[in-house]
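Trainee: got a predicted model here, sequence first, then my questions.
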Amino acid sequence: MLTDPIADFLARIKNGIASRKETIESPSSKIKVRIAEILQEEGFIRGHRLAKDERGHDVIKVTLKYDSNKQASITGMERVSRPGFRRYASSRSIPETMNGLGISILTTSRGVMSDRAAREKGVGGELICRVW
């Protein structure tokens, strides 16, 4: 049993990029699907889709994005809030990632969203991860 499935999802993406895989696969959950949607909206991944594995469990398949020189769109990912150490930020104190070149993903009272969307809506929440 995993204690931090979000960290496992991010690690699978990082490991897939390190080994230059086209797609990665992870057990599905609503928050992982929303994280993948945000990464796709922000241009860090090519796409994602839900599928079933051979035992009938739901999985999310993420298609990674590379440029013509085989450089990944994601150069780094970091889990910020962990089960043992939760990190929260108000709408005014959401940190910028790489001076605005990256994004932070938050879970708020209005759902999971990027740092830009949270600032626009004026909501804060738990900092899930940073991507650049």
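Mentor: Thanks, I have the structure now.
Trainee: can I get the longest helix along the chain in CSV, CA atoms only?
Mentor: Longest helix in the chain, counting residues (DSSP state H): helix 5-18. Provided in CSV are the C-alpha atoms of helix 5-18 (Å, rounded to 0.1, in the frame of the first residue of the first chain):
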residue,chain,number,x,y,z
PRO,A,5,0.1,8.1,-4.3
ILE,A,6,0.6,11.6,-5.6
ALA,A,7,4.4,11.4,-5.0
ASP,A,8,4.3,8.0,-6.8
PHE,A,9,2.5,9.5,-9.8
LEU,A,10,5.1,12.3,-10.0
ALA,A,11,7.9,9.9,-9.6
ARG,A,12,6.5,7.8,-12.5
ILE,A,13,6.4,10.8,-14.7
LYS,A,14,10.0,11.8,-13.8
ASN,A,15,11.3,8.2,-14.3
GLY,A,16,9.5,8.0,-17.7
ILE,A,17,11.2,11.3,-18.8
ALA,A,18,14.6,10.0,-17.6
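Trainee: okay, and the residue nearest the centre of the chain sits in which element?
Mentor: By CA atoms, centre = their mean, the mean C-alpha position of the chain lies nearest to residue 35, the distance being 4.3 Å. Residue 35 is located in helix 30-41, with elements delineated by DSSP states H and E.
Trainee: what do you get for residue 130?
Mentor: Secondary structure from DSSP H and E places residue 130 in strand 125-131.
Trainee: all set now, cheers.
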